[in-house]
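A.B. asks: 3D, please:
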Amino acid sequence: MRSSVFFAVFLVLVPHWVTMNYHILLTGATGLLGRYLLKDLLLADVPVAVVVRRSRRTSAQERVDAMMATWDQMLGRELPRPKVLDGDLCSNNLGLSDVDLDWISENCDSVLHNAASLTFVSTDPQGEPWLSNVLGTQNVLNVCRQTEIKDFHHVSTSYVCGLRTGKILESELDVGQTLGNDYEKSKVQSETLVREADFLSPPTIYRPAIIVGDSNTGFTTTFHGFYAALNLAYTLTRSFDSEMGRHADIPTRITLTGSERKNFVPVDWVSAVTAHIVTHPQFHGKTFHLTPTQPVTAGMVRDVLEEAYNFRGTNFVGPNAVIQDPTEVEQLFYEHIRVYNSYWRDDPTFDCSNTIEAAPHLPCPIIDMPKLLMLANKAIEMDFRYKDKAPTRTAVEA
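C.D. replies: Predicted structure coming up:
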């Protein structure tokens, strides 16, 4: 009798993948957050299947093998391997064969939809970010309907809030807010699609803020947003020093006050919290703001540019200033960051009550000046680019 009671409690408390051996279907596995999600789920003994698109020269399997070999080297151990499905997010049925769809139907009971385009400004209503973020999400939902998957986990963004100010609640989505760019518009549409899918159980939504590299190592595979500003400052400084033959100030007027807050979150933390929630069904069906308790400021970013790249001479002139006589450097600077104009402002405050309740043991690492400097220096070390090396051997699939 006691053993029967224990087993019943065990079934309630232990994630269902441990006892039922179902896979979770992951999209976007080769992106920065996706590779961390894959690693953390595998470390939690969750069987994972990934939908990956082949490149012109590399098969889907080879892309995943290379990524997993990188994790093996970083962790000093061999991870289980995911089931690799050769597909395409933007194709009907995700470009999967009938055999693969049958396999999903028999072996998967949940989806973690993480794939997305980070294109901020669209030049084609049929192109990105709409193609991946809206059509891609609809394609994933169609596969779930066809294979009778009801447990849906969706990675959105905290910036579905658009240009709102004040406190943003996890329970809010479309409240008539003005959206800052096409990326935000597409993510509101994709999250709405998920919420309106009547065949799903209540979906679980994850809304990370601006994702940066690993909080411990600085490792990253993408160099958007924060890294784009770093790369630009690094390039301008090297070019200016080459012309002048010495380090010199680069006078640059910045149309901010320096006190504007930006919500940076390290990828390892976002992944750890997401994987924890995925593997604990009692938290499913809610929305989670994956945002920091202590944002960075524009002034801190300026200080990092000075310390890491010697990008000196910047001057905050306020958001209402009009630069009528821009220098060549200022022209280059504003032209290259134009795509991020909607984020050239103070961030709102994000309520993260659900996240704190679900993962109180996983507080967001504080990105202070030393941490931000470490991330910047790692980007320099990586020369603002990354590609996995081809593996020398392949481990056994989980």
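
A.B. asks: what ranges do the helices span in the stretch 201-350 of the chain?
C.D. replies: 226-244, 267-278, 298-309, 328-336 (DSSP state H, counting those that start in this stretch).

A.B. asks: can you pull the buried residues of the last one?
C.D. replies: Using 16 or more other Cβ atoms under 10 Å as the test for burial, helix 328-336 gives V329, E330, L332, F333, Y334, H336. C-beta coordinates here come from the backbone N, C-alpha and C atoms, glycine included.

A.B. asks: which one of those is nearest L85?
C.D. replies: Nearest to L85, judged by Cβ to Cβ, of the buried residues of helix 328-336 is H336 at 37.6 Å.

A.B. asks: quick one: pLDDT of the closest one?
C.D. replies: Looking at H336, its pLDDT is 84.

A.B. asks: gap between it and L236?
C.D. replies: Going from H336 to L236 by Cβ to Cβ, to the nearest Å gives 9 Å.

A.B. asks: how about D102?
C.D. replies: Applying Cβ to Cβ to D102 and L236 gives a distance of 54 Å.

A.B. asks: more neighbours: those two, which one.
C.D. replies: L236 (20 against 12; other Cβ atoms under 10 Å).

A.B. asks: list the contacts for that one?
C.D. replies: Going by Cβ atoms under 8 Å, 6 or more residues apart in numbering, L236 touches I250, F311, V329, L332, F333.

A.B. asks: show me the two of those that sit farthest apart.
C.D. replies: F311 and L332 (12.4 Å).

A.B. asks: export stretch 60-68 as CSV, just CAs?
C.D. replies: Output in CSV follows, covering the C-alpha atoms of stretch 60-68 (Å, rounded to 0.1, in the frame of the first residue of the first chain):
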residue,chain,number,x,y,z
ALA,A,60,20.1,19.4,-40.8
GLN,A,61,21.8,16.4,-39.1
GLU,A,62,25.3,17.9,-39.7
ARG,A,63,24.2,21.3,-38.3
VAL,A,64,22.9,19.7,-35.1
ASP,A,65,26.0,17.4,-34.8
ALA,A,66,28.3,20.4,-35.0
MET,A,67,26.3,22.3,-32.4
MET,A,68,26.2,19.3,-30.0
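
A.B. asks: what's the spacing between that stretch and its chain's center?
C.D. replies: 20 Å (Cα atoms, centre = their mean, to the nearest Å).

A.B. asks: which residues are contacting the helix or strand hosting S190?
C.D. replies: In the assignment (DSSP states H and E), S190 maps to helix 182-196. Under the criterion Cβ under 8 Å, 6+ apart, residues 113, 116-122, 129-130, 133-134, 136-138, 141, 152, 154, 156-157, 159-160, 162, 173-174, 179, 200, 203, 205, 342 lie in contact with helix 182-196.
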